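*Asks:* my questions concern the predicted model and sequence given below.
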Amino acid sequence: MAVLGTLSMGFQLLASRLLAPHFGTSIIVWAWLISTFLAAFSLGSMLGGWICNAAPHVRQRLQVVTAAAGVVSLAVTALFGRVLLDRIEVAFLPVEAGDLQEVGGMSRALFVSCLCLFFVPVTALSSFSPQCVQYLAAHGTAPGAASGVVYGISTLGNIAGVMLTAFVLIPNEHLGLARLLLLWLVVAGVSLSGLILLLRAPNGRTAS
């Protein structure tokens, strides 16, 4: 969960860099970006809770589908994000427009951009938190303690993701945005695969 937390919040900073050449870094951009991530966290938690209550064989299939959706959507962002943003910008931001039209067009463009590029992968990552709580509870940890451990570790991962991305990865002149997005894709694929195997194991110690 620490790795997934790191990926989630680090991804938000990478998302801002991806949006910046098209929409800038204004408060409007950050409002849409933060709202998208919070909505994804919320829906992901509810989705994870629903998956927890499914029958074991159905739950295993849903875990694979959710992880695959997260990896594929992250691959789309990493490989085709700039192309999609170019098209969205042309579609929603006319060359000649008044200030009010420009603000409205930017908001619509940002909504579509965030929905297409960031919402699905963050939702998929977030859906595994409730499942980790259930895993720990099923292996002898009190439900309250399990919830505290999972969300506490996830939050520490969030902090690590922000600090690592902002102060180490983004400033590194050898790592461009494209390479960082590909790095996120690889780490997410490996982490989700390992987590699915762990959640299926009959015995285990932690969901980290």
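*Replies:* Looks like it came in fine. Residues are numbered from 1 along each chain as shown.

*Asks:* when you work out contacts or count neighbours from here on, use the C-alpha atoms and nothing else.
*Replies:* Fine.

*Asks:* where along this structure do the strands fall?
*Replies:* Using DSSP state E, the chain contains no strands.

*Asks:* ok, now which ones touch the most centrally placed residue in the chain?
*Replies:* Geometric centre of the chain, nearest residue: Val122, 2.3 Å, by CA atoms, centre = their mean. Applying CA atoms under 8 Å, 6 or more residues apart in numbering to Val122 gives the contacts 8, 37, 40-41, 44, 70.

*Asks:* tell me, how many residues neighbour the nearest residue to Phe111 once chain neighbours are set aside?
*Replies:* In space, and not counting its chain neighbours, Phe111 is closest to Trp32: 6.7 Å by CA to CA, 6 or more residues apart in numbering. Trp32: 18 surrounding residues under other CA atoms under 10 Å.

*Asks:* before we move on, what about Phe167?
*Replies:* Neighbours of Phe167 (other CA under 10 Å): 10.

*Asks:* what does Ala145 give?
*Replies:* 12.

*Asks:* picking that back up, now which of the contacts of Val122 would you call buried?
*Replies:* Among these, those classed as buried by neighbour count (16 or more other CA atoms under 10 Å) are 8, 37, 40-41, 44, 70.

*Asks:* would you turn these into TSV with pLDDT and distance to Glu89?
*Replies:* As requested, those are exported to TSV (pLDDT from 0 to 100; distance: CA to CA, whole Å):
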residue	pLDDT	distance to Glu89
Ser8	90	25
Phe37	97	21
Ala40	97	23
Phe41	95	26
Gly44	96	28
Gly70	96	24
